[in-house]
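A.B. asks: my questions are about this predicted structure, shown below with the sequence.
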Amino acid sequence: MILDRREFLKTSLSGAAALACWVEIPALARAKGKDELIRRTERPLNYESVRSTFTTRITPVERFYLRNHFDIPQVDVAKWRLQIRGLVEKPLSLSLADLRRMPQATVEAVLQCAGNGRGLFTPRVPGVQWRYGAMGNAEWKGVRLKDILQRAGPKQDAAFVQVQGAERPVMDTTPQFIRAIPLRKAVHPDTLLALEMNGKPLAPNRGLPLRLVVPGWVGDDWMRHLVDIEVRADEPKAFYYDPAYRFPVSPGAPGAAIPADQMKPMTKVNVKSLIGSLEDGQRLRAGTQRIVGVAFSGEAGIDRVELSFDSGKTWTKAALEGPNTPYGFRVFRHAWKAEPGSHEIACRATDTAGLTQPEVPVWNPGGYLHNAIERLRVEVQS
Amino acid sequence: MIRALLAASLLLAAVAWSLDTARADEAKTASAPEDLPDDPARPLVQGKCTLCHTADYITQQRLTEPAWQRTVDKMRKFGTPATDEEAKAMVAYLARNFPADLPPPRSPRAPLPPGSVSRK
């Protein structure tokens, strides 16, 4: 076997790397898995955050989930314009520089896919089979949508704000992704057109150059690569607004079809919590285990997070960390004295409006808003 | 010294080569959760469905035959170029290979795709 020097070095180095993984040097193994996600679909990009992501207040962009209907659009930032049209006194066409010159605001808010937890429903529901990680909390910075709407001047009968981004389906026959929010949410001072996520300009897969941020509301409204805003009197006739992304007005029997007039668009995210420091089926040593996780609710803070170690017979309050924000994650911690045996651990959050997580999720045909109390099993060895 | 380094490098290269070979064999034999199972209707499903999305979108679903029928109907409305006859064969393939009572697959871990983090 004859190798030239460069090839020889390259092979030797890859051998060293393979050997390092093979013997599982902990530091290297961690570094390797750091930016890994769970790939649900390769095209379009649908990647879920791994469970261990959910132990910090802010979710790092490197570990934040990706959800797409279509391929990521190529956006030429220099030529990019945002149109504001429809029921306005003065239609606008703004450049990125125009937006950067306007007053900037910051809001911390959870972005969660409507279908987070879809894979946990019985009977099963078609769609991306998300389990726990189609959510994340970020600090969003940009222009208030209210300020832009004020400049355009909505007319008397304006009631909805329709949004569309630059992405397009592969086939012209596939519906385009169009959404709308009521004007009252659009003019809320926390509703932003964000240019930055966690202190950095939006990356191509995060909505470059501009995305809508609708704090407390489900991710289907958080339009990326935003190019078009239409102020309307009525709701759009668009597949992804009607019939898609709708939730039953009142729960039906699991698996049963629900009449279209009994379905309405989702708004607020419901109260939810997740343990991030443990995996289901994990083996632990007896002794003190530090449990860490996150809790959040749509437009309310978190009042308490309780943990149960005996299949829900008794509940213990976890310690809550940091300030209570209306839209962000709240980290909870608990030091658990783990004794040998098999244990079911459950966590349940209650928000400041008094709403708590249910035992059983509300089954619905889209597999949306799963927020049932989450249970995992650990085996503690002596 | 140089001779010792050379020996160590050769050993590492040999280990890397054997590991790579082992991995390639594994890839050949084990069916990844995102692969469509072999079946006379496989080329049809592969050809029509992967125009817009990868096969992993299909292989992670576990649905009843009526639910597969609704899914194929929806995709045809979206533009899947399939005749009634082809659609029937696709529904049968999907219901046969990804029925509601089959346990769901484990999705693989993968690195964050390029373009997900801002470099600035």
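C.D. replies: Received, thanks. Residues are numbered from 1 along each chain as shown, chains lettered A, B, ... in the order given.
A.B. asks: just the helices in chain B please.
C.D. replies: Using DSSP state H, the helices of chain B run over B:2-29, B:42-49, B:56-59, B:65-78, B:84-97.
A.B. asks: flag whichever of those has the least confidence on average.
C.D. replies: With a mean of 44, helix B:2-29 has the lowest mean pLDDT of the helices of chain B.
A.B. asks: domain parsing for chain A?
C.D. replies: Following automatic domain parsing, chain A resolves into domains at A:61-265, A:272-381.
A.B. asks: and residue B:65, which of these is closest to it?
C.D. replies: Among those, the nearest to residue B:65 by Cβ to Cβ is domain A:61-265 (12.7 Å). From N, CA and C alone the C-beta is placed, and that goes for glycine too.
A.B. asks: model confidence over the closest one, on average?
C.D. replies: Domain A:61-265 comes out at a mean pLDDT of 98.
A.B. asks: is that domain in proximity to chain B?
C.D. replies: Yes. In terms of Cβ under 8 Å from any Cβ of the partner chain, part of domain A:61-265 sits within range of chain B, namely A:61-64, A:66, A:72, A:119, A:123-124, A:126, A:128-129, A:169-175, A:197, A:200-206.
A.B. asks: which SS state does the closest residue to residue B:51 other than its chain neighbours fall under?
C.D. replies: Ranked by Cβ to Cβ, 6 or more residues apart in numbering or on different chains and with sequence neighbours excluded, the top spatial neighbour of residue B:51 is residue A:170, at 6.3 Å. The local conformation at residue A:170, judged by DSSP: H, G, I helix; E, B strand; the rest coil, is coil.
A.B. asks: just give me the neighbour total for residue A:81.
C.D. replies: The tally of other residues near residue A:81 (other Cβ atoms under 10 Å in any protein chain shown) stands at 12.
A.B. asks: give the burial count for the residue nearest to it when sequence neighbours are not counted, as a bare number.
C.D. replies: Ranked by Cβ to Cβ, 6+ apart and with sequence neighbours excluded, the top spatial neighbour of residue A:81 is residue A:93, at 5.0 Å. Residue A:93 has 10 neighbouring residues, counting by other Cβ under 10 Å.
A.B. asks: hang on, residue A:93 in a strand?
C.D. replies: Yes. Under three-state DSSP, residue A:93 sits within a strand.
A.B. asks: against residue A:163, how distant is it?
C.D. replies: 16 Å (Cβ to Cβ, to the nearest Å).
A.B. asks: before we move on, which element is residue A:278 in?
C.D. replies: For residue A:278, there is no helix or strand it lies in under DSSP states H and E.
A.B. asks: residues touching it, list them.
C.D. replies: Residue A:278 sits next to A:284, A:289, A:291, A:345, A:376, A:378 when contact means Cβ atoms under 8 Å, 6 or more residues apart in numbering or on different chains.
A.B. asks: for residue A:287, same thing?
C.D. replies: A:337-338.
A.B. asks: same question for residue A:286.
C.D. replies: By Cβ under 8 Å, 6+ apart, the contact set of residue A:286 is A:338-340, A:380-382.
A.B. asks: cool, residue A:92 as well?
C.D. replies: A:82-84, A:148, A:151-152.
A.B. asks: rerun at 10 Å
C.D. replies: Residue A:92 makes contacts with A:81-85, A:98, A:148-149, A:151-153, A:229, as judged by Cβ atoms under 10 Å, 6 or more residues apart in numbering or on different chains.
A.B. asks: read off the pLDDT value for residue B:35.
C.D. replies: pLDDT recorded at residue B:35 is 89.
A.B. asks: and the contacts of residue A:92, which of them are buried?
C.D. replies: Buried subset of these (neighbour count, 16 or more other Cβ atoms under 10 Å in any protein chain shown): A:82, A:84, A:148-149, A:152, A:229.
A.B. asks: closest one of those residues to chain B?
C.D. replies: residue A:82 (19.4 Å; Cβ to the nearest Cβ).
A.B. asks: sorry, back to before: distance to chain B, pLDDT and secondary structure added to the contacts of residue A:286, as a markdown table?
C.D. replies: Output for these, formatted as a markdown table (distance: Cβ to the nearest Cβ, whole Å; pLDDT from 0 to 100; DSSP: H, G, I helix; E, B strand; the rest coil):
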| residue | distance to chain B | pLDDT | secondary structure |
| --- | --- | --- | --- |
| A:338 | 26 | 97 | strand |
| A:339 | 30 | 97 | coil |
| A:340 | 28 | 97 | coil |
| A:380 | 24 | 97 | strand |
| A:381 | 24 | 96 | strand |
| A:382 | 30 | 89 | coil |
